[in-house]
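Novice: After the sequence you'll find the predicted model.
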There are 2 protein chains.
Amino acid sequence: MSEYKITFLPMEKTFPAGEGETVLEVAMRGGIHINASCGGNGACGKCRIKLREGKAHSQSHPKISRWEYDEGVRLACMTRPQGDIVVEIPFESQVDRVALKRKGGPSHILSAIDVDRLVKGWSVDPSVFKKYVELPPPSTADNLNDLARLTRELRKSHRMQDVSVDFRMIKKLSSVLRSAEWRVTVTIVLTRKGYTLINVEPGNTEAQNYSIVIDIGTTTVCGQLLDLERCRAYGHPGGVEGGTQACTLAETADYNAQISYGEDVISRILFSQKGNGLKRLQEVVVSTINGVIGELLAMSGVTVDQVSHLVFAGNTTMTHLVLGLDPKYLMLDPYTPTANFIPPVRAINIGLNVRDHVFTYIFPCVASYVGGDIVAGVLGSGIFQREEVTLFIDVGTNGEIVVGNKDWLTCTSCSAGPAFEGGGIKFGMRAGKGAIEQVKINPSTYEPMILTVGRAQPAGICGSGLIDAVAELFEAGAIDQNGKFVRDLPTPRVREGESGWEYVLSYAAESHIGRDIVLTEIDLDNFIRAKAAIYAGCKTLLDSVGLSFDHVEAVIIAGGFGRSVDLEKAQTIGLLPDVPPERFLFVGNGSLLGARLLSFSRDLLKQTERIARTMTNVELSNNPGFMDEFIAALFIPHTNENAFPRVTEQMRNRKGQSKEKEE
Amino acid sequence: MSEYKITFLPMEKTFPAGEGETVLEVAMRGGIHINASCGGNGACGKCRIKLREGKAHSQSHPKISRWEYDEGVRLACMTRPQGDIVVEIPFESQVDRVALKRKGGPSHILSAIDVDRLVKGWSVDPSVFKKYVELPPPSTADNLNDLARLTRELRKSHRMQDVSVDFRMIKKLSSVLRSAEWRVTVTIVLTRKGYTLINVEPGNTEAQNYSIVIDIGTTTVCGQLLDLERCRAYGHPGGVEGGTQACTLAETADYNAQISYGEDVISRILFSQKGNGLKRLQEVVVSTINGVIGELLAMSGVTVDQVSHLVFAGNTTMTHLVLGLDPKYLMLDPYTPTANFIPPVRAINIGLNVRDHVFTYIFPCVASYVGGDIVAGVLGSGIFQREEVTLFIDVGTNGEIVVGNKDWLTCTSCSAGPAFEGGGIKFGMRAGKGAIEQVKINPSTYEPMILTVGRAQPAGICGSGLIDAVAELFEAGAIDQNGKFVRDLPTPRVREGESGWEYVLSYAAESHIGRDIVLTEIDLDNFIRAKAAIYAGCKTLLDSVGLSFDHVEAVIIAGGFGRSVDLEKAQTIGLLPDVPPERFLFVGNGSLLGARLLSFSRDLLKQTERIARTMTNVELSNNPGFMDEFIAALFIPHTNENAFPRVTEQMRNRKGQSKEKEE
């Protein structure tokens, strides 16, 4: 990694630039405001800087005249240092004094290798694996049947005793053995009942052994394609470059097509009770998953024949729906799932587009509102091994919360709604290309500085962008503690639009969608309800075990937005508790994290079952304490200022500074 | 059982009559000849007798005048004693002196209870069983998921630990539990990997637990429907009335529809290699089995919902074909099956008309020509437990032969062709209604005395009838040792017909089919080849282990004809070895016998596997000794007279008597 330094003038702040990083990205990370409303793709031309010293790669641009270029004028979003450089931010895009005082927060986002290290004591040894065998052809002296010939070899050369066999594999065995001249590769799955042969292929295909892991969210379906054999080659992933991340050949996501039938699990369950509703919901989520699988294959160049295993993790409702199990009783008091532990299911039996030997492992659930996704999160984040009391928060359509350590685990779930995944927000979108993921707002001019996923033209705003935007609007004084816009601000960006008051993040001319991208008061209201539900859930769960946030020694944050969320801003709006930043760890999609691990290591099958069995569930739905906490949290950051001392302190300081300014 | 005695005059022989037995049946059993060519249904009117003493039930009959009736004339086939009686056989239907000297052989056919006693040390405890459970409905304090609620109850009340679950059962669980108000019956299967829940039904259906066992023969498919719960109620079957036989609610059979594609396994395998041949053969045998299942259900009044289990036993080719496994390599040197041990197969997956939770247990095979039917026979006949060296012969399209005891088992198979099942015989049929099953021929007049299955009008001749007919024709001097008719006999029954020389068993007027039922020289030739193959197989197998027939302390005979075959006649024609009659046991369909036992007792699963694993196979197909033995056996009884001392002695005596008569 190059370690060029960028010094920003006039503030004289210096930050290192990562490889390939643009000046705009470094400024965003360092808390330096540069106006930018196109998301970092060179379209708006607002992020003008002047290169004072050093060498940087930066193309000429229509918005910069030849004379300006010769004078060192560049666009920050298009400029990458080629050595240490000094840049000056011209007055028109300069940050004010208040913004200058904000520190660039250290990132609490874990690197790939650190994520692998969250869970200890496992080795790469997939429960679905391949073995190449060369069999002696049958002779009169040795005319053992084909299957016994194969299992004898597995016993002799691989010490595999008592191997069961899937009937479909038997059906093609004799022809494959002979056409391959007795040199074949078998696919074997290890369950707690022992080894089962599920497939036989001609030749040596040991190196082609892939798993697809899917997180089935209420709003978003995320998938990864994993190279199990490559990962095995690394040995213990903690000790080698890239860790298990290097074995992820592709990753993608899509909205769960069930969204058309309701945004949250309750409306899905209601729909499932109508006519063919259950069948329909099952079909559409399978079709989304098939789309994700297809994309993963296309992205990686892996063929469907090479996929040996699927691992699914979803909340309890999603788990029921994808399997076609009636979710009715999840919703009715006393909220009972049909089953928490589901045996591995033959993938084609639920309509998945994979080969017929492939089985799907489904993460066990804990209760109606604590699903396999949270079990996977607990597995993947290693709470079940930690000595310290740890709070685990998975922010999605349902906020799922666990507190515990290696000795005990208690959990709950609260319906946050889809806001964090872009749902229920006028221009909300998931964190795909063009989603506004980082936002800064100049507290003097209210001009935004935005970065989009893929640095593409803005198309909408995702969860982390929302958190940024709300926190920045709040800190800039553009919204009050109830999430209402201040009506008389000297900026055209805060205006009364067709759905009421709103803030313009990106004008139509700069946006990908040809319309103004705005954040409305309705959006703010939905967002505040979502963050309140999660905060109240954490508080109530801790109360239920007699603990407070002060007892929590680590907070692990999972969720679709997790990798790019700004901790300080999440605290500012009262989503995350105001505990010291060093206690936080962001792990990204926790459900995928656990599903990945299980693909890589058979050791963790038992741990997964233990987690699901030992976790005790606290129901919030009929818990009066939760309602009180929820109402108290419908405020930025919170009704109880003592709960957020840092934020309250900063608010006081800002007010003081504003007064100072006015004076 | 009534024990009335019937005394036959003029020969002054007295025999007990079983309940409901006719005078004709008692005469047949006792070796008393009475002419009878309609099979015992009152049509021919030839079996006239005179009731001298005692009371008998006997309707008047058109062929007996009122005057004759008053004089005591009756038809033997329509007369049942109501006390001890004395009957006189008039001259026209009297037996000759030679026939008189034949003793009425003691039956070696085992009674039902004796069959149960062949295998020791097992108790009635089916591996597929039902448990009625009443679950506490869920509450807020106990909102365990439905499946865990069920398994908790099984653990608590029935001590069943670590229960696996079939996914299909989970799918209907929540609705069945609630519609049945938490009172349900679960169906559980025990395999060597533990318990698996496969079904859940509302209410208490513990008493409705049925198994269907199927012997898939090359020519005939036989099935029984078993009441597993009724059998369990008996406890150990040896100790109670009726034994497991009382639990057989229905039994039926049909020709394997594959016959249209070839009479023996080789021609079936050849057909399977053409185009869609394998698929076609699979479909037609499944359709035969479905027909048998349908008939069993109709006969017993059991509904398809109540059938919990299927057990199949077949030879290796039939096992491959019913499962859709390519049998090609069974036929090619070195004769390797695809698999001998097949995991339980979901019945609907191979097209069987049962409910989708039903699994089919398939008896393991030993080698290409020693199949699951023989393993089932060895299980059912208890050889695997016997101290003494035992010879087991299963006579079907393939003659399958085992020799061994509790310490060792060796086996072989020889292609006998379908003659014993009525195949390849002009008027051959299986032992169904109207099949001629017993035959005596008057050596003076060559008139036959025949009994048919169901005492119906003759429709054809089955295996046991053939053995009788050939032996009687031989003993009467109507055929020579090569199986050729003596040309100049003073009877119209031996004649030159359209297919060469033949013997008329039943004239068109008395037959059900409106045509003369005859036995041709071609039939005799096929029959002699069949019996030669079986005898040569036994001899070669014994030779291979250094034993002779003298070392064999018990001979167990199985096969479709087994229950009605006449031992002495089978020896006369050289089918069975000439060892003392008390060493023989006839067990009927050995394959069904084993399949029944396995249905009743989980204890025998391991024994079955042990039998299949320990049995060593001797290939006859390329064994020159077998060919020599086969050619030597193409003679009645055998080329080597010393091998059949009793038969040879009787032949000498008969020749002496004939001379005497002539003198």
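Specialist: Structure's in. What do you need? Residues are numbered from 1 along each chain as shown, chains lettered A, B, ... in the order given.

Novice: Near residue A:645, how many other residues are there?
Specialist: 10 (other Cβ atoms under 10 Å in any protein chain shown). All C-beta atoms are positioned from the backbone trio N, CA, C, and that covers glycine.

Novice: shouldn't it be in contact with residue A:578?
Specialist: Yes: using Cβ atoms under 8 Å, residue A:645 is in contact with residue A:578, at 6.1 Å.

Novice: what sits against residue A:181?
Specialist: residue A:137 (Cβ atoms under 8 Å, 6 or more residues apart in numbering or on different chains).

Novice: now it: how far from residue A:151?
Specialist: Using Cβ to Cβ, to the nearest Å, residue A:181 is found at 19 Å from residue A:151.

Novice: what does residue A:322 give?
Specialist: Residue A:322 is 34 Å from residue A:151, by Cβ to Cβ.

Novice: Run through the bridge partners of residue A:7.
Specialist: Judged by DSSP bridges, the bridge partners of residue A:7 are residue A:14, residue A:86.

Novice: That one touches residue A:86, doesn't it?
Specialist: Yes: using Cβ under 8 Å, residue A:7 and residue A:86 qualify as a contacting pair, with a distance of 4.5 Å.

Novice: picking that back up, which one's more surrounded, residue A:322 and residue A:151?
Specialist: The neighbour comparison of residue A:322 against residue A:151 (other Cβ under 10 Å) goes to residue A:322, with 27 against 23.

Novice: chain center to whichever strand or helix holds the more buried one, what's the gap?
Specialist: Counting by DSSP states H and E, the element that carries residue A:322 is helix A:316-323. The chain centre lies 20 Å from the centre of helix A:316-323; the measure is Cα atoms, centre = their mean, to the nearest Å.

Novice: Stretch A:596-607 too?
Specialist: 20 Å.

Novice: Quick one: end-to-end distance for it.
Specialist: Taking Cα to Cα, to the nearest Å, the first and last residues of stretch A:596-607 lie 14 Å apart.

Novice: Check stretch A:391-406 too.
Specialist: 12 Å.

Novice: And it, what's buried?
Specialist: Across stretch A:391-406, burial judged by 16 or more other Cβ atoms under 10 Å in any protein chain shown covers A:391-405.

Novice: The residues you listed: which two are farthest apart?
Specialist: Greatest spacing in the buried residues of stretch A:391-406, by Cβ to Cβ: A:397 and A:405 (27.2 Å).

Novice: what residues are shared contacts of residue A:7 and residue A:86?
Specialist: By Cβ under 8 Å, 6+ apart, no residue touches both residue A:7 and residue A:86.

Novice: So what would you say the end-to-end distance of stretch A:551-565 is?
Specialist: Terminal-residue distance, stretch A:551-565 (Cα to Cα): 24 Å.

Novice: And stretch A:257-267, by the same measure?
Specialist: Span of stretch A:257-267 from end to end, Cα to Cα: 14 Å.

Novice: Centre of the chain to it, how far?
Specialist: That offset, for stretch A:257-267, works out to 20 Å (Cα atoms, centre = their mean).

Novice: Now do the same contact list for residue A:195.
Specialist: Taking Cβ under 8 Å, 6+ apart as the test, what residue A:195 contacts is A:160, A:162, A:163, A:164, A:188, A:189.

Novice: Okay, it and residue A:436: tell me how far apart.
Specialist: Taken as Cβ to Cβ, the span from residue A:195 to residue A:436 is 50 Å.

Novice: Ok, residue A:153 next?
Specialist: Counting by Cβ to Cβ, the gap from residue A:153 to residue A:436 is 58 Å.

Novice: Let's see which of the contacts of residue A:195 end up in strands.
Specialist: Applying DSSP state E to the contacts of residue A:195, the entries found in strands are A:164, A:188, A:189.

Novice: How about the last one: which residues does it bridge to?
Specialist: According to DSSP bridges, the partner residues bridging residue A:189 are residue A:128, residue A:196.

Novice: Next, count neighbours for it.
Specialist: Neighbour number of residue A:189 under other Cβ under 10 Å is 24.

Novice: same deal with the first one?
Specialist: Residue A:164 is flanked by 19 other residues according to other Cβ under 10 Å.

Novice: In space, what's closest to it - neighbours in sequence excluded?
Specialist: residue A:196 (4.4 Å; Cβ to Cβ, 6 or more residues apart in numbering or on different chains).

Novice: wait, residue A:32 sits on residue A:89?
Specialist: Yes: using Cβ under 8 Å, residue A:32 is in contact with residue A:89, at 7.2 Å.

Novice: ok, these two, which is more surrounded?
Specialist: Between residue A:32 and residue A:89, counted using other Cβ under 10 Å, the more crowded position is residue A:32 (27 against 23).

Novice: How about the residues of the stretch 1-150 of chain A by chain B?
Specialist: Residues of the stretch 1-150 of chain A lying near chain B by Cβ under 8 Å from any Cβ of the partner chain: A:138, A:139, A:140, A:142, A:143, A:144, A:145, A:146, A:147, A:148, A:149.

Novice: By pLDDT, rank those residues and give me the bottom one.
Specialist: Of all the residues of the stretch 1-150 of chain A next to chain B, residue A:140 has the smallest pLDDT value, namely 85.

Novice: Was I right to think it contacts residue B:333?
Specialist: Yes: counting by Cβ under 8 Å, residue A:140 touches residue B:333, with 7.0 Å between them.

Novice: Which residue of those two possesses the greater neighbour count?
Specialist: The neighbour count for residue A:140 versus residue B:333, taken as other Cβ under 10 Å, is higher for residue B:333 (13 against 10).

Novice: low pLDDT regions in chain A?
Specialist: A:1-2, A:91-116, A:234-243, A:560-564, A:657-663 (pLDDT under 70).

Novice: what residues are up against the closest residue to residue A:639 other than its chain neighbours?
Specialist: Leaving out its chain neighbours, the residue that sits closest to residue A:639 by Cβ to Cβ, 6+ apart is residue A:632, at 4.4 Å. Residue A:632 sits next to A:536, A:638, A:639, A:640 when contact means Cβ under 8 Å, 6+ apart.

Novice: quick one: which of these sit in helices?
Specialist: residue A:536 (DSSP state H).

Novice: Is it possible to mark the buried ones in the contacts of residue A:632?
Specialist: So, by 16+ other Cβ under 10 Å, the buried ones in the contacts of residue A:632 are A:536, A:638.

Novice: list the buried ones in the helix or strand harbouring residue A:330?
Specialist: Assigned by DSSP H and E, residue A:330 belongs to helix A:328-331. By 16+ other Cβ under 10 Å, the buried positions in helix A:328-331 come out as A:328, A:329, A:330, A:331.

Novice: burial of residue A:655, as a residue count?
Specialist: Neighbour tally, residue A:655, other Cβ under 10 Å: 11.

Novice: tell me which element it is part of?
Specialist: helix A:645-662.

Novice: any idea how far residue A:375 is from residue B:162?
Specialist: Relative to residue B:162, and taking Cβ to Cβ, residue A:375 is found at 20 Å.

Novice: Comparing the two, which residue is more hemmed in?
Specialist: Neighbours per residue, other Cβ under 10 Å: of residue A:375 and residue B:162, the larger number sits with residue A:375, 30 against 11.

Novice: thinking that one is in contact with residue A:607, fair?
Specialist: No: in this structure residue A:375 lies outside contact range of residue A:607 using Cβ under 8 Å: 10.0 Å.
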